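Engineer: Have a look at this fold, sequence not included:
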């Protein structure tokens, strides 16, 4: 699956769920040579610690996106969109939202420009599946890059993004739409990092570095762990440092209702990432973040 850089992209993110989405958003904003970010869409999530319902999770994610954009000195209007307030009730019924509609609009714009819209999805895939169900024709105009589920060595997936909205994940695997799949366990799980490693990497990054470090420190202390996997940066790194990734073409797996993997005849092919170079990804991330004070804080001092 060849692409010309920078890609025309949308980031679909449950930004308040943990702390890795915040890293991914900052990374995408600081990698314009690889990712031409057209929109950020707040995705639903729910968990006992941060959001009781998908609607609350989406709203809190929207607010967190706006906080990060404020650090970058960017306005959210026309750039940040609210997504679904509920998960798909089944694999045939979309949950309409302004975010899903924005994906459709940008897919049309990509077609007019003769390119593809890359949807970098780092949450439950509700918004993206809804866009495909509302207007199936956009399957030819988009490429989905999704961090979700565990690799096929795991007979039943318990991964958060997939298990929240199984019907939406089924839509993605069943639709003949170009898909780059980044499995979590045994693949992206290598992006584990300690606070001691983060500190020097984020120190040159000024205000955004302090924000990301504080978010990570709070979560690690809250959970009583010594490190955190920064899962979501993998979707941006796939384009910013492509040489760090190994992949293969496989038939799209069947996702059963019980979250087990199956196979079927005549399945379309997808691209599955099989491994990545952890150090290369973090080096590229920290290099991009180190440019933040020059690009942003310096500019604001002059204004």
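Structural biologist: Arrived safely. Just so you know, these numbers come straight off a predicted model, no measurement behind them.

Engineer: who touches residue 60 in this structure?
Structural biologist: Contact analysis of residue 60 by Cβ atoms under 8 Å, 6 or more residues apart in numbering lists 16, 50-51. Using the backbone N, CA and C atoms, a C-beta is placed for each residue, glycine as well.

Engineer: ditto for residue 140
Structural biologist: So residue 140 contacts residue 111 (Cβ under 8 Å, 6+ apart).

Engineer: so which of the contacts of residue 60 is the most crowded?
Structural biologist: residue 16 (24 neighbours; other Cβ atoms under 10 Å).

Engineer: gap between that one and residue 235?
Structural biologist: To residue 235, residue 16 is 18 Å away according to Cβ to Cβ, to the nearest Å.

Engineer: Can you pull up the most central residue in this protein?
Structural biologist: residue 122 (2.5 Å; Cα atoms, centre = their mean).

Engineer: ok, what's across the strand from it?
Structural biologist: Applying DSSP bridges to residue 122 gives these bridge partners: residue 13.

Engineer: Which pLDDT does the model give it?
Structural biologist: Looking at residue 122, its pLDDT is 98.

Engineer: do the same with residue 83
Structural biologist: 98.

Engineer: can you check residue 2 too?
Structural biologist: Reported pLDDT for residue 2: 59.

Engineer: before we move on, what about residue 299?
Structural biologist: 48.

Engineer: same thing with the one 4 residues further on?
Structural biologist: Residue 303 is assigned a predicted lDDT (pLDDT) of 33.

Engineer: from now on call the first residue 38
Structural biologist: All right, first residue 38 from here; so that's residue 340.

Engineer: pLDDT averaged over the helix or strand hosting residue 322, what's the number?
Structural biologist: Element membership for residue 322 (DSSP states H and E) is helix 315-327. The average of the pLDDT scores along helix 315-327 is 98.

Engineer: That one: what's the following helix or strand?
Structural biologist: With DSSP H and E, the next secondary element past helix 315-327 is helix 329.

Engineer: all helices of the stretch 88-237 of the chain, in order?
Structural biologist: Assigned by DSSP state H, counting those that start in this stretch, the helices in the stretch 88-237 of the chain fall at 91-108, 135-150, 163-171, 197-201, 203-211, 232-239.

Engineer: Tell me which of the ones you listed lies nearest to residue 314.
Structural biologist: Closest to residue 314 of the helices of the stretch 88-237 of the chain, according to Cβ to Cβ: helix 232-239, at 15.5 Å.

Engineer: Could you tell me the angle between that closest one and helix 315-327?
Structural biologist: Calculated by axes from the mean of the first three to the mean of the last three Cα atoms, to 10 degrees, helix 232-239 forms an angle of 50 degrees with helix 315-327.

Engineer: If you count neighbours, what's buried in the helix or strand following helix 232-239?
Structural biologist: Toward the C-terminal end, the helix or strand that comes next after helix 232-239 (DSSP H and E) is helix 243-260. Neighbour-count burial for helix 243-260, counted by 16 or more other Cβ atoms under 10 Å, picks out 243, 245-246, 248-250, 252-253, 257.

Engineer: any chance of the residues you listed in JSON lines, with pLDDT and distance to residue 113 too?
Structural biologist: Output for those, formatted as JSON lines (pLDDT from 0 to 100; distance: Cβ to Cβ, whole Å):
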{"residue": "243", "pLDDT": "96", "distance to residue 113": "21"}
{"residue": "245", "pLDDT": "97", "distance to residue 113": "16"}
{"residue": "246", "pLDDT": "97", "distance to residue 113": "22"}
{"residue": "248", "pLDDT": "98", "distance to residue 113": "16"}
{"residue": "249", "pLDDT": "98", "distance to residue 113": "19"}
{"residue": "250", "pLDDT": "98", "distance to residue 113": "23"}
{"residue": "252", "pLDDT": "97", "distance to residue 113": "19"}
{"residue": "253", "pLDDT": "98", "distance to residue 113": "23"}
{"residue": "257", "pLDDT": "97", "distance to residue 113": "28"}
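
Engineer: ok so, going back, show me what the helix holding residue 322 is in contact with.
Structural biologist: In contact with helix 315-327 (Cβ under 8 Å, 6+ apart) are residues 60, 63-64, 67-68, 227-230, 234, 238-239, 241-242, 245-246, 249, 270-271, 274, 277-278, 280-281.

Engineer: switch the cut-off to 7 Å
Structural biologist: Under the contact criterion Cβ atoms under 7 Å, 6 or more residues apart in numbering, helix 315-327 has outside partners 63-64, 67-68, 227-228, 230, 238-239, 241-242, 245-246, 270, 274, 277-278, 281.

Engineer: Which of the helices of the stretch 88-237 of the chain sits closest to residue 126?
Structural biologist: Nearest of the helices of the stretch 88-237 of the chain (Cβ to Cβ): helix 203-211, 7.3 Å.
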